[in-house]
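K.L.:
Next come a sequence and a model predicted from it.
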Amino acid sequence: MEHFIKDSNTVVDSKYIWSKRILILILIILLVRLWDLQIMRGQEMKRLSEQNRIRVKKVVAPRGVIYDKKGRILADTRPSFNIYITHEDIKNFDQTIDGLASLLKINKEEIMEKLEASKGLPPSFPVKIKSDVSMDDVAKIEANRVYLPGVSIHIEPKRFYHYGKMFAHMIGYVSEISDEELKKKEYRDYSPGDYIGKYGLEKSYEAYLRGVDGEKRVEVDSRGREVRTLEQKDPIPGNSVYLNVDLDIQAVIDKALENKRGGCIAVDPNTGGVIALVSRPAFDPNKFASGIKKQDWQAIALDKTHPLQNRVIQGRYPPGSTFKIVTAIKGLELGIINDKTTFSCKGGFPYGRRVFRCWKKGGHGSVNIHKAIVESCDVYFYNLGLRLGVDRIHEMSDMIGLGRATGIDLPGEKDGLVPSTE
């Protein structure tokens with residue numbers, strides 16, 4: 001019996017000792033973990049806990065205003081309501097996504113594409129789902145806010161072009177930055193959802209027109225709704241641009257080219273400043289600034305009249321009678337003609353098996369250089385061109401700068417071609 005009692009006490013003592021050792025070990029592990037979290041990683045943990053109730057939100061800077069030479073506004077900004085989703089605030093993913101798609105009448109896939117594109121960003125980063133929504137959509141979102149945790153409405157400046165198509169090919173347009181553009185070095189300071197100049201002067205002067213975004217620190221509740229603003233850094237608006245362009249002259253040319261295909265540019269001969277530049281057909285840049293719909297983009301991209309082509313700087317056309325001046329200058333310079341040299345114009349110029357006609361059916365009679373320029377006699381310049389030869393005409397054209405890009409501050413300008421023997 002004693003043997004049994006003694007062995008039993010030994011077993012109890014052994015279990016007690018091991019239990020005490022395990023408790024001490026657990027306590028040591030907890031103390032080490034607490035020391036790691038409080039001392040070693042205290043600042044990081046504080047930052048993470050702050051992020052749970054404090055958010056830093058971007059305040060978009062207004063883009064610079066574009067004026068004509070008389071100070072009339074051609075492009076500025078207006079307030080726009082944009083819908084965002086903050087991933088970490090979503091409680092029920094399907095409920096939020098399905099509900100938002102139903103209210104905004106958009107495909108669920110469109111929302112998923114936006115969220116997919118922002119995968120590498122922190123879950124607290126708001127992702128823009130739809131830009132420039134109507135007041136009806138805003139009212140629907142607000143009325144159903146309790147069922148849409150993670151969804152928020154931001155009021156941001158949106159580009160507005162006062163004259164629509166009239167300045168489309170000159171001023172251009174802004175649009176949302178693409179994933180490919182975000183990877184480029186020059187756009188390293190941009191974020192998904194930002195708008196950038198993609199065409200015309202908006203693109204050429206992107207760095208100048210773009211402002212510096214501000215930010216504000218806000219306290220949010222468990223649903224991600226703002227409770228109060230703790231701190232705010234105001235944005236710096238972009239720089240304004242004053243053009244050489246005259247709105248009145250631009251309007252006259254625009255009216256003249258209505259329902260036509262073509263381009264026209266008016267330049268101040270003293271300064272080289274562009275007074276007006278119109279290309280037709282055109283497009284409405286406001287559609288791009290509001291986030292162009294797929295069907296609108298397809299309609300523009302597939303239009304056989306190519307409304308996105310700036311015919312002034314990208315079209316290549318025979319110069320017609322304006323080129324006669326180049327031929328005349330080279331002929332006078334080389335002494336092949338002078339002010340007394342005449343050619344007979346009878347309405348046509350036979351060359352090879354063909355007769356090249358003059359615009360005046362009965363001809364101009366005996367023509368000198370002055371009369372040939374004033375009356376634009378084709379036969380006179382057929383004769384002069386034949387005597388000069390193609391390479392001399394090319395030489396003069398090249399010296400004047402014809403065939404080369406002018407360097408105008410618009411993207412996409414194409415070179416011309418003046419033929420030579422080569």
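P.N.:
Alright, I've got the coordinates.

K.L.:
show me what contacts residue 196?
P.N.:
Each residue near residue 196 by C-beta atoms under 8 Å, 6 or more residues apart in numbering is listed here: 174-175, 177, 181, 187, 190, 203, 206, 210. Quick note: C-beta positions are derived from backbone N, CA and C, even for glycine.

K.L.:
hang on, it is in a strand, isn't it?
P.N.:
Yes: looking at residue 196 with DSSP: H, G, I helix; E, B strand; the rest coil, it is inside a strand.

K.L.:
Tell me the spacing between it and residue 180.
P.N.:
Here the distance between residue 196 and residue 180 works out to 12 Å (C-beta to C-beta, to the nearest Å).

K.L.:
Return the distance of the closest residue to residue 108 other than its chain neighbours relative to residue 127.
P.N.:
Residue nearest to residue 108 in three dimensions, not counting chain neighbours: residue 101, with 4.5 Å by C-beta to C-beta, 6 or more residues apart in numbering. Distance of residue 101 to residue 127, given as C-beta to C-beta: 14 Å.

K.L.:
Tell me which of these two has more neighbours.
P.N.:
Neighbour tally, residue 101 and residue 127, criterion other C-beta atoms under 10 Å: the higher count belongs to residue 127, 21 against 17.

K.L.:
Helices of the stretch 51-200 of the chain, start to end?
P.N.:
Counting by DSSP state H, counting those that start in this stretch, one finds helices in the stretch 51-200 of the chain at the ranges 93-104, 108-117, 135-143, 168-171, 179-182, 200-204.

K.L.:
I'd like those helices as a markdown table, with distance to residue 82 and mean pLDDT appended.
P.N.:
Written out in a markdown table, the entries for the helices of the stretch 51-200 of the chain read as follows (distance: least, C-beta to C-beta, whole Å; pLDDT from 0 to 100):
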| stretch | distance to residue 82 | mean pLDDT |
| --- | --- | --- |
| helix 93-104 | 12 | 86 |
| helix 108-117 | 12 | 84 |
| helix 135-143 | 10 | 89 |
| helix 168-171 | 23 | 96 |
| helix 179-182 | 18 | 88 |
| helix 200-204 | 19 | 96 |
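
K.L.:
Mind giving me the packing neighbours of the strand or helix carrying residue 286?
P.N.:
Secondary structure assignment for residue 286, by DSSP states H and E: helix 285-289. Of the remaining helices and strands, those touching helix 285-289 by 3 or more C-beta pairs under 8 Å, 6 or more residues apart in numbering; DSSP states H and E are strand 151-161, strand 173-176, strand 195-199.

K.L.:
which is the next helix or strand following that helix?
P.N.:
Counting by DSSP H and E, the next helix or strand C-terminal to helix 285-289 is helix 294-301.

K.L.:
pLDDT averaged over that following helix - what is it?
P.N.:
Within the predicted structure, the mean pLDDT of helix 294-301 is 87.

K.L.:
Would you mind getting the angle between it and helix 108-117?
P.N.:
Angle between the axes of helix 294-301 and helix 108-117 is 80 degrees (criterion: axes from the mean of the first three to the mean of the last three C-alpha atoms, to 10 degrees).

K.L.:
List the buried residues of helix 294-301.
P.N.:
Buried residues in helix 294-301, counted by 16 or more other C-beta atoms under 10 Å: none are found.

K.L.:
what's it packed up against?
P.N.:
Judged by 3+ C-beta pairs under 8 Å, 6+ apart, helix 294-301 has no packing partners among the helices and strands.

K.L.:
Run a quick neighbour tally on the residue nearest to residue 208 when sequence neighbours are not counted.
P.N.:
Counting by C-beta to C-beta, 6+ apart, residue 239 is the residue found nearest to residue 208 once chain neighbours are left out, at 5.1 Å. Neighbouring residues of residue 239 were enumerated by other C-beta under 10 Å; the total is 14.

K.L.:
Ok, residue 331 next?
P.N.:
The local packing count at residue 331 equals 23, with neighbours defined by other C-beta under 10 Å.

K.L.:
Ok, which of the helices and strands packed on helix 285-289 comes nearest residue 119?
P.N.:
Ranking the helices and strands packed on helix 285-289 by their distance to residue 119 (criterion: C-beta to C-beta) puts strand 173-176 first, at 17.4 Å.

K.L.:
then the closest one to CSV, C-alphas only?
P.N.:
Extracted C-alpha coordinates of strand 173-176, given in CSV (Å, rounded to 0.1, in the frame of the first residue of the first chain):
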residue,chain,number,x,y,z
TYR,A,173,-7.9,66.3,-74.7
VAL,A,174,-7.1,64.6,-71.3
SER,A,175,-8.0,61.0,-70.5
GLU,A,176,-7.4,58.5,-67.7
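
K.L.:
Residues contacting it, please?
P.N.:
The contact list for strand 173-176 (C-beta under 8 Å, 6+ apart) reads 63, 128, 131, 159, 161, 193-200, 202, 285, 288-289, 291-292.
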